[in-house]
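*Asks:* output the structure for:
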Amino acid sequence: MEMIRLENLSVALGQFHLRNINLAVEKGEYVCIIGPTGAGKTVLIETIAGFHKPYKGRIILDGDDITSKPPEKRGISIVYQDYMLFPHMTVYENIAYGAKKKIRDKRILEEEIERIAHIMGISHLLNRKPETLSGGEQQRVAIARAIISKPKLLLMDEPFSALDTRTTEKLRDFVKRVATEYDLTIIHVTHDIVDVWSLADKVAIMNNGTIIQYGEVEEVFSKPADDFVAEFIDINILEGEITEVLGEMVLVKVGDTILRVKTNTTTGHRIRIFIRPEDIYISNTPPDYGPGCFRAVVEKILENGPYVQLFLSRNNIVLKAVLTRGYVRCLGLARGKHVYVYIRPENVRVAET
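*Replies:* Purely as a prediction, here's the structure:
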């Protein structure tokens, strides 16, 4: 069942424009929107919420055209990165504020507050003021306040960006749980790819006021629509020429390296290859896999939380790979070390040039 549909939505804010946005989200789906700064992500969800008026297009929510409705009549809640709690109210009063108009019965309101507080892990904070809470606790209160009114759609704009990594991981778990408990439909703007993998059913990638690609997370991250998407989601892009067809496989020459690829494209064609960093296998000894295995040197190592990004080079080929810290230690990887690289044919995506 479709919960929200955007049809050719276009908005002008000074020199910036959203252009012909089309998007459909099913009831209960979790959609993340990602893209570079200035792509229009916040403008899009604020237009859905009713804060900006489109000059073209429609917003259909649960079968109802809400394009011209004021924000308070839309049945939509929004959570920002800076919490926006009322400092003079307790946590209980902040949460209650979001539900008083819908829940008139005081006993039922108390039960609902207790329920959402339990799910969000803030039951022990109900009598506290926001200034006494940590950033993670304040954001849990903000999310609870947004959810208790049981909105048809929950919008979140970079809700974790002001939080440290450990707090963000915990908050993702709370959001997962509350989304399930309340059967929420969520559109979440984020800059963090981990949010997409951890939470989303689908992902939309925006640039210059348009949606470049939209679909299931695995599909978008495995088959980027163009070079912009591939580069933004940090996928390796290589170009080569098909030299031989081997049944369902082809051999592709990239520089002086031969890779095996699954594709229907025939010999003589130049193709563009997309490879996700986490799909690159690295070892200290040559695996007996034939084409697709080659020797490379570690050019750079970057630590990123629990993961490590490696930059590998072989003549004119440069690849990014992602490994766990433990695996990097196990291999004894360091800058300048030679390693063997293997890329499975099924992990290579292809587009003709």
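*Asks:* check the gap between I66 and G247 for me.
*Replies:* Separation of I66 from G247 (C-beta to C-beta, to the nearest Å): 53 Å. Heads up, the C-betas are built off the backbone N, CA and C, glycines and all.
*Asks:* who has more neighbours, those two?
*Replies:* Between I66 and G247, I66 has the larger neighbour count (other C-beta atoms under 10 Å), namely 22 against 6.
*Asks:* quick check, that one in contact with A49.
*Replies:* No. The pair I66 / A49 is not scored as a contact, 10.0 Å apart, by C-beta atoms under 8 Å.
*Asks:* give me the common contacts of those two.
*Replies:* Counting by C-beta atoms under 8 Å, 6 or more residues apart in numbering, the residues touching both I66 and A49 are R74.
*Asks:* and the helices in the stretch 101-250 of the chain, which stretches?
*Replies:* Using DSSP state H, counting those that start in this stretch, the helices found in the stretch 101-250 of the chain span residues 106-119, 135-148, 165-181, 193-199, 217-222, 227-232.
*Asks:* could you dump those helices into CSV with distance to N20 and mean pLDDT added?
*Replies:* Listed next are those as CSV, based on distance: least, C-beta to C-beta, whole Å; pLDDT from 0 to 100:
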stretch, distance to N20, mean pLDDT
helix 106-119, 38, 90
helix 135-148, 29, 93
helix 165-181, 29, 90
helix 193-199, 24, 90
helix 217-222, 19, 87
helix 227-232, 17, 88
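*Asks:* Throw these into TSV and include distance to I343 and mean neighbour count, thanks.
*Replies:* Shown next, in TSV, are these (distance: least, C-beta to C-beta, whole Å; neighbours: other C-beta atoms under 10 Å):
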stretch	distance to I343	mean neighbour count
helix 106-119	43	16
helix 135-148	39	24
helix 165-181	29	16
helix 193-199	21	18
helix 217-222	14	17
helix 227-232	15	17
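*Asks:* could I get these as a markdown table with distance to R314?
*Replies:* Output for these, formatted as a markdown table (distance: least, C-beta to C-beta, whole Å):
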| stretch | distance to R314 |
| --- | --- |
| helix 106-119 | 51 |
| helix 135-148 | 44 |
| helix 165-181 | 33 |
| helix 193-199 | 26 |
| helix 217-222 | 24 |
| helix 227-232 | 20 |
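*Asks:* can you check which of the ones you listed gets nearest to A39?
*Replies:* Judged by C-beta to C-beta, the one of these that comes nearest to A39 is helix 227-232, at 9.5 Å.
*Asks:* I103 reaches E111, doesn't it?
*Replies:* No. I103 is beyond contact range of E111, at 9.3 Å (criterion: C-beta under 8 Å).
*Asks:* mind jotting down where the strands sit in the stretch 251-353 of the chain?
*Replies:* For the stretch 251-353 of the chain, strands defined by DSSP state E, counting those that start in this stretch occupy the ranges 257-262, 270-275, 280-283, 293-304, 307-314, 317-324, 338-343, 348-352.
*Asks:* looking at those, which one has the lowest mean pLDDT?
*Replies:* Lowest mean pLDDT within the strands of the stretch 251-353 of the chain: strand 348-352, at a mean of 75.
*Asks:* parallel or antiparallel, list what pairs with that strand.
*Replies:* Next to strand 348-352 in the sheet, as set by DSSP bridges, lie strand 270-275 (antiparallel).
*Asks:* so T185 is in contact with E29, correct?
*Replies:* Yes. With contact defined as C-beta under 8 Å, T185 counts as touching E29 (6.0 Å).
*Asks:* neighbour count: the two, which is higher?
*Replies:* T185 (25 against 18).
*Asks:* tell me, how many residues neighbour the closest residue to the more buried one other than its chain neighbours?
*Replies:* Nearest non-adjacent residue to T185, counting by C-beta to C-beta, 6 or more residues apart in numbering: M3, 4.4 Å away. The number of residues packed around M3, counting by other C-beta under 10 Å, is 20.
*Asks:* and M3, what is it in contact with?
*Replies:* With the criterion set at C-beta under 8 Å, 6+ apart, M3 makes contact with V25, E26, K27, G28, E29, L61, D62, K152, L153, T185.
*Asks:* out of these, which is most surrounded?
*Replies:* Comparing the contacts of M3 on neighbour count, T185 comes out first with 25 neighbours (neighbours: other C-beta under 10 Å).
*Asks:* look up the closest residue to K337, ignoring the ones flanking it.
*Replies:* Per C-beta to C-beta, 6+ apart, closest to K337 is V298, 5.0 Å.
*Asks:* wait, doesn't the one you found sit right on L333?
*Replies:* Yes. The pair V298 and L333 qualifies as a contact (C-beta under 8 Å) at a distance of 5.8 Å.
*Asks:* neighbour-wise, which of the two wins?
*Replies:* Neighbour comparison, V298 and L333: the larger count goes to V298, with 20 against 17 (by other C-beta under 10 Å).
*Asks:* okay, and the beta partners of the more buried one?
*Replies:* L312.
*Asks:* quick one: it and L23, what's the gap?
*Replies:* 41 Å.
*Asks:* just E248 next, same as before
*Replies:* Distance from E248 to L23, by C-beta to C-beta: 35 Å.
*Asks:* just L61 next, same as before
*Replies:* On the measure of C-beta to C-beta, L61 and L23 end up 12 Å apart.
*Asks:* what touches both of the two?
*Replies:* I4.
*Asks:* tell me the contacts of E231?
*Replies:* I237.
*Asks:* name the residues linked to R58 by a beta bridge.
*Replies:* Beta-bridge partners, per DSSP bridges, of R58: E7.
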